[in-house]
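**Student:** predicted model follows, preceded by the sequence.
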Amino acid sequence: MNILVINCGSSSLKFQLIEMQEQGEKALAQGVVERIGGEALLTLRAGARRIRKSAPVRRMRDALALVLEWLVSPESDGPVIPTLAAIHAVGHRVVHGGEKFRSSVRINATVMTGLEDCIDLAPIHNPANINGIRAVQEILGSEIPQIAVFDTSFHLTMPEPAWMYAIPYSLYRRHKIRRYGFHGTSCRFVSQRYRELTGRSEADTNLILFHLGNGCSVTAIVHGVSVDTSMGMTPLEGLMMGTRSGDVDPAVLELIADKEGMNVHEIEGLLNKQSGLLGISGLTHDMRDLLEEVQENGDRRAQLAIDMFCYRARKYLGAYMVGTSGVDAVVFTGGIGENSDVVREQILRGLHRFGIDLDPVRNAETVGSREGKISRDGLSPEVWVIPTNEELMIARDVRQLVKT
């Protein structure tokens with residue numbers, strides 16, 4: 001079974017074509033179309049072939065059409081698939097499922113109505129996800145199975161005290177204002193992989209899981225399910241991120257409005273796109289560049305951004321260790337979590353009294369796509385690095401739902 005996995009953003013389309021067989025799973029092609037709405041940049045890869053080119057792309061349907069045309073063209077390595085009929089199902093990453101969707105679902109008219117009902121909770125992301133679903137219907141036909149996989153569904157196991165905001169309860173009842181959490185598909189994949197590596201059962205899986213990339217979150221997993229997570233009603237809450245502020249006193253918003261003459265939408269853009277590592281350093285949102293800047297030039301604000309990032313992650317770690325009465329492992333994933341031994345060491349530095357002690361050699365060697373334990377033997381909690389694969393997790397859900 002060949003499954004096309006799509007992640008549609010407001011101006012981008014990421015995809016993977018994954019072959020799902022009983023004997024194994026294999027990514028046949030992957031890529032991204034960026035800057036949809038103008039002269040788009042396409043990065044496409046199949047096997048050893050990698051192509052970068054630009055093309056005018058006005059809307060999501062046009063972006064998908066270009067991707068599908070490439071998959072069946074000789075330009076894509078042979079081609080990747082002989083015809084579009086070789087795509088047997090499509091899986092969509094959907095950012096927000098609200099309280100309606102507790103698991104992945106096959107898309108039909110009722111599901112589409114539910115996705116539209118969730119637009120108020122994710123006004124930027126969910127319309128893009130819906131456009132992607134409609135584009136598939138238009139190009140591949142209404143008969144091809146499409147599956148929605150939600151970032152939020154994994155966290156609907158959180159107990160009420162963890163997901164409620166301390167605002168008038170009537171606002172939750174009327175508008176469903178509450179904490180939902182994100183990165184749920186990544187959490188599912190990594191916790192499942194942790195069980196495979198350690199031989200633990202789901203009921204015996206107790207983790208604090210850091211997903212550190214441009215977007216960052218930390219999740220407490222007890223007996224295999226999410227009991228708390230740092231992101232809230234939107235991905236803005238919680239840890240400091242690449243361009244997102246994370247936690248901030250709400251009164252700051254009124255002060256910014258008064259002093260800078262900004263409206264609420266402009267302030268939201270400021271907190272989402274101009275804050276975090278970028279806002280503090282004034283240089284970049286990329287942790288790799290900040291670490292290099294500190295090493296080569298000793299830049300004070302770059303160092304401050306790194307220190308703030310690690311301190312806030314460390315603070316959440318302490319809170320979740322207390323809140324869960326202890327865990328078996330701390331796990332790092334995501335672009336920063338998988339690749340930066342320096343950031344991992346700084347977050348966990350000096351936590352020997354809590355049983356956390358990194359093996360410096362293991363930590364330094366476990367980067368890139370490598371996975372493994374990076375703490376010293378005989379200690380608890382252990383510390384692991386496990387690369388995530390959200391696209392593969394989506395493909396697994398698609399296969400399961402299409403076969404049932």
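**Tutor:** All right, it came through fine.
**Student:** ranges for the strands of the stretch 301-404 of the chain?
**Tutor:** 329-333, 372-373, 382-385 (DSSP state E, counting those that start in this stretch).
**Student:** whoops, I mixed them up, the stretch 51-200 of the chain
**Tutor:** Under DSSP E, counting those that start in this stretch, the stretch 51-200 of the chain gives strands at 89-94, 105-106, 146-150.
**Student:** nearest to residue 48 among those would be which one?
**Tutor:** When these are compared by C-beta to C-beta, strand 89-94 sits nearest residue 48, at 25.5 Å. All C-beta atoms are positioned from the backbone trio N, CA, C, and that covers glycine.
**Student:** the one helix or strand residue 41 maps to: which residues count as buried?
**Tutor:** Following DSSP states H and E, one finds residue 41 within strand 38-46. Within strand 38-46, the residues that count as buried by 16 or more other C-beta atoms under 10 Å are 40, 41, 42, 44, 45, 46.
**Student:** can you name the two of those residues that are farthest apart?
**Tutor:** It's 40 and 46 that sit farthest apart of the buried residues of strand 38-46, by C-beta to C-beta, at 18.8 Å.
**Student:** turn the strands of the stretch 301-404 of the chain into a markdown table, including mean pLDDT, distance to residue 34 and mean neighbour count.
**Tutor:** Compiled in a markdown table, the strands of the stretch 301-404 of the chain are given as follows (pLDDT from 0 to 100; distance: least, C-beta to C-beta, whole Å; neighbours: other C-beta atoms under 10 Å):
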| stretch | mean pLDDT | distance to residue 34 | mean neighbour count |
| --- | --- | --- | --- |
| strand 329-333 | 98 | 24 | 26 |
| strand 372-373 | 98 | 33 | 14 |
| strand 382-385 | 98 | 28 | 24 |
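**Student:** now tabulate these in a markdown table and tack on distance to residue 130.
**Tutor:** Below are the strands of the stretch 301-404 of the chain laid out as a markdown table (distance: least, C-beta to C-beta, whole Å):
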| stretch | distance to residue 130 |
| --- | --- |
| strand 329-333 | 28 |
| strand 372-373 | 40 |
| strand 382-385 | 35 |
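**Student:** residues contacting residue 253?
**Tutor:** 264, 267 (C-beta atoms under 8 Å, 6 or more residues apart in numbering).
**Student:** and it, how close does it get to residue 71?
**Tutor:** 45 Å (C-beta to C-beta, to the nearest Å).
**Student:** tell me the one among the buried residues of strand 38-46 nearest to residue 111.
**Tutor:** Nearest member of those to residue 111, counting by C-beta to C-beta, is residue 40, at 28.6 Å.
**Student:** that closest one contacts residue 57, doesn't it?
**Tutor:** Yes. Counting by C-beta atoms under 8 Å, residue 57 is a contact partner of residue 40 at 3.7 Å.
**Student:** for the strand holding residue 41, packing partners?
**Tutor:** Packed against strand 38-46 by the contact rule (3 or more C-beta pairs under 8 Å, 6 or more residues apart in numbering; DSSP states H and E) you find strand 24-34, strand 49-57, helix 60-71.
**Student:** how about 6 Å then?
**Tutor:** strand 24-34, strand 49-57 (3 or more C-beta pairs under 6 Å, 6 or more residues apart in numbering; DSSP states H and E).
**Student:** and the angle for the helix or strand encompassing residue 210 with strand 329-333?
**Tutor:** Following DSSP H and E, one finds residue 210 within strand 207-212. Between strand 207-212 and strand 329-333, the angle formed by their directions is 20 degrees, by axes from the mean of the first three to the mean of the last three C-alpha atoms, to 10 degrees.
**Student:** counting contacts, what elements does the helix or strand that comes right after strand 207-212 pack onto?
**Tutor:** Next along the chain after strand 207-212, taking DSSP H and E as the criterion, comes strand 216-222. With contacts taken as 3+ C-beta pairs under 6 Å, 6+ apart, strand 216-222 sits against strand 207-212, strand 225-229.
**Student:** redo the ones you listed as CSV? Include mean pLDDT.
**Tutor:** Listed next are these as CSV, based on pLDDT from 0 to 100:
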stretch, mean pLDDT
strand 207-212, 98
strand 225-229, 98
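**Student:** out of those, nearest to residue 200?
**Tutor:** Nearest to residue 200 among the helices and strands packed on strand 216-222 is strand 207-212 (9.8 Å), distances taken as C-beta to C-beta.
**Student:** can you say which of the strands of the stretch 51-200 of the chain is nearest to residue 295?
**Tutor:** Closest of the strands of the stretch 51-200 of the chain to residue 295 is strand 89-94, at 35.1 Å (criterion: C-beta to C-beta).
**Student:** one step back: keeping just the C-alphas, turn the strand holding residue 210 into CSV.
**Tutor:** What follows is strand 207-212 as a C-alpha-only set of coordinates in CSV (Å, rounded to 0.1, in the frame of the first residue of the first chain):
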residue,chain,number,x,y,z
LEU,A,207,8.1,9.5,30.4
ILE,A,208,8.8,13.2,30.2
LEU,A,209,9.1,13.8,26.5
PHE,A,210,10.8,17.0,25.1
HIS,A,211,9.9,17.8,21.4
LEU,A,212,12.4,20.6,20.7
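**Student:** adjacent strands (with direction) for it?
**Tutor:** Here strand 207-212 is paired, per DSSP bridges, with strand 216-222 (antiparallel), strand 329-333 (parallel).
**Student:** what sits up against it?
**Tutor:** For strand 207-212, contacts defined as C-beta atoms under 6 Å, 6 or more residues apart in numbering pick out 183, 186-187, 190, 217-221, 320, 327, 329-334, 336-337.
**Student:** kindly recompute the last result at 8 Å.
**Tutor:** Identification of contacts with strand 207-212 by C-beta under 8 Å, 6+ apart yields 183, 186-187, 190-191, 194, 216-221, 239, 313, 317, 320-321, 324, 327-337, 340, 343, 347, 381, 388.
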